[in-house]
Every structure is written in structure tokens, then in C-alpha cells.
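Asker: Here is my input, please return the structure:
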Amino acid sequence: MKAVILQPMYLPWIGYFGLIDLADIFVFYDDVQFVERSWQRRNRIKMPNGKWIWLSVPVIKKFGQKINEVKVNNGVEWSKRHWHSIVHAYRKAPYFKEYETLFRHVYSVSWDYLVDLDIFLIKEISKILGIDTRFVLSSELNVSGGKTDRLINILTEIGADEYISGPAAREYIEPIKFKKSGIKLYWFEFNHPVYPQLYGEFIPYLSVIDLLFNVGPKAIDYIREGAEDSLVLDERTI
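Answerer: As a prediction, this is how the structure comes out:
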């Protein structure tokens, strides 16, 4: 059984959903340290001038807090601003009307915790894409350990024997520990596809909503195209 363990992110890029689609179980790594300047609270969309902008969720800062402890700073009028930016960016996109109701609802809700906003969006977008992967929270598994040990403890707890990791984790993951645990390690090498996109030269690595509003029901086809042959087995784990 294949599993992915990854922090919840705000309106993630399309490769994030490629990982979800490849996994049998996707674990939201919600009880690790929050990083302010990270994808956990921001992402990018493309504007009619052909350039991208950040959509950043303001948060109440506390030193050392975990992702699931981060509160949204609703003293800042961010949700209306994000929604207006999305409407301005995508109202002329072919499939904006198709998904407008969902996103209008998201930005009409007062979210207390960033993690709830992030996970709600990821689950709803997964449904739109037709992905039926099972989701769990690491905070509900009650496992301990540091870095590689904790990943392995989570995988053991959920019964996974294959783990898919993003390439950024190469810096700290210890493959030998996976081998000792009988868990195969795969690296995810996503080949970003080019899809029809409004407003000039194609910009990759935007939020998934850029793909969704531009190609609608074909979004999952582009994600699977990018994920094709994306799994590279780490032979040190076999």
C-alpha cells in the first residue's frame, strides 16, 4: 500500500494532487512546525497582465507553533481580497462558472485555523478531480520520533509498505532505515505539463485553481500526464 505524508498547503500546485492521486493513503503532516514563508499559507495565481501574484493568508504568529495550532488573522480583511483577486484573474476562464459556487463559499466562511482552510480546499478539489484517496491526519495517529523515524512510525501505524516522497526530502531522509523497516521508498519526479492558460506565456507551478479554471474536467488528465513515470524507486531500500 502506497502512502504520502505531506504538510497541508494553501491552494497547492498541481503536483501536490499528483501525489494524492498516486497514494492509497495521504497523511496530512499537520503536527510539525509551521514555517511562515512557506506554501502552508500562500500560493500563486496568474493575473490578466500575464504576471503572477501571491495569495497569502495572514496568520497570528507564535514562536514554535505547529501547523495545526496556527490561527488565521481575521483582523485582516484577507478573504474578500483573495476572492476578488481570483475573480479578477479567472472570470474569463472557460470553467470559472463551473466552480465559482464552491470558492465563493470558501471565502465567505470565517476560518479560525489555517489547517482547516487548507485541508477543506484540498479535499474539495480532490473530489472535483475525481480522486478518491483516503486522507488521515498525523496528529490523530499519536506517533513519535524525529524526521525519518517518525515517518516510518506513521507508515507502520497505517500499514503502508511503500512511501512516496517529494525530492526536497532527500536532504534529511535516511533510506537505510526504510530498508530495515521493509518499506520501499520512491522519489516523486513530476514532469510539469503545459496546458491551455489565459494571458500570454505559460507559467508553471501555479496553484491548481489555474489548471482547474482553464481546463475544467480535463484537469486530472493533465495531472496524470505529469505524474506518468514520476516514481523513482530508491534502490537502497530494496
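
Asker: pLDDT averaged over the helix ranked longest in the chain, what's the number?
Answerer: Criterion DSSP state H: the longest helix present in the chain is helix 114-129. Computed over helix 114-129, the mean pLDDT rounds to 98.

Asker: What are the buried residues along that helix?
Answerer: Buried positions in helix 114-129, judged by neighbour count with 16 or more other C-beta atoms under 10 Å: 114-115, 117-119, 121-122, 125-126, 128-129. All C-beta spots, glycine's among them, are computed from the backbone N, C-alpha and C.

Asker: Dump these to JSON lines, plus distance to residue 210.
Answerer: Listed next are the buried residues of helix 114-129 as JSON lines, based on distance: C-beta to C-beta, whole Å:
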{"residue": "114", "distance to residue 210": "21"}
{"residue": "115", "distance to residue 210": "23"}
{"residue": "117", "distance to residue 210": "19"}
{"residue": "118", "distance to residue 210": "17"}
{"residue": "119", "distance to residue 210": "20"}
{"residue": "121", "distance to residue 210": "14"}
{"residue": "122", "distance to residue 210": "16"}
{"residue": "125", "distance to residue 210": "12"}
{"residue": "126", "distance to residue 210": "17"}
{"residue": "128", "distance to residue 210": "14"}
{"residue": "129", "distance to residue 210": "14"}
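
Asker: the strands in this structure, which residues?
Answerer: Along the chain, counting by DSSP state E, strands occupy 2-6, 25-28, 42-46, 52-56, 134-137, 162-165, 184-188, 231-233.

Asker: of all those strands, which lies closest to residue 207?
Answerer: Closest of those to residue 207 is strand 42-46, at 4.2 Å (criterion: C-beta to C-beta).

Asker: Residues in contact with that closest one: which ones?
Answerer: 9-13, 52-57, 85-86, 89-90, 197-199, 203, 205-207, 209-210 (C-beta atoms under 8 Å, 6 or more residues apart in numbering).

Asker: are any of these buried, and which?
Answerer: By 16+ other C-beta under 10 Å, the contacts of strand 42-46 give 9-13, 52, 55-57, 86, 89-90, 197-198, 206-207, 209-210 as buried.

Asker: rewinding a little: out of the buried residues of helix 114-129, which is nearest to residue 139?
Answerer: Distance to residue 139, by C-beta to C-beta, is smallest for residue 115 among the buried residues of helix 114-129, at 9.0 Å.

Asker: OK, contacts around that closest one?
Answerer: Residue 115 touches 8, 28, 30, 67-68, 70, counting by C-beta under 8 Å, 6+ apart.
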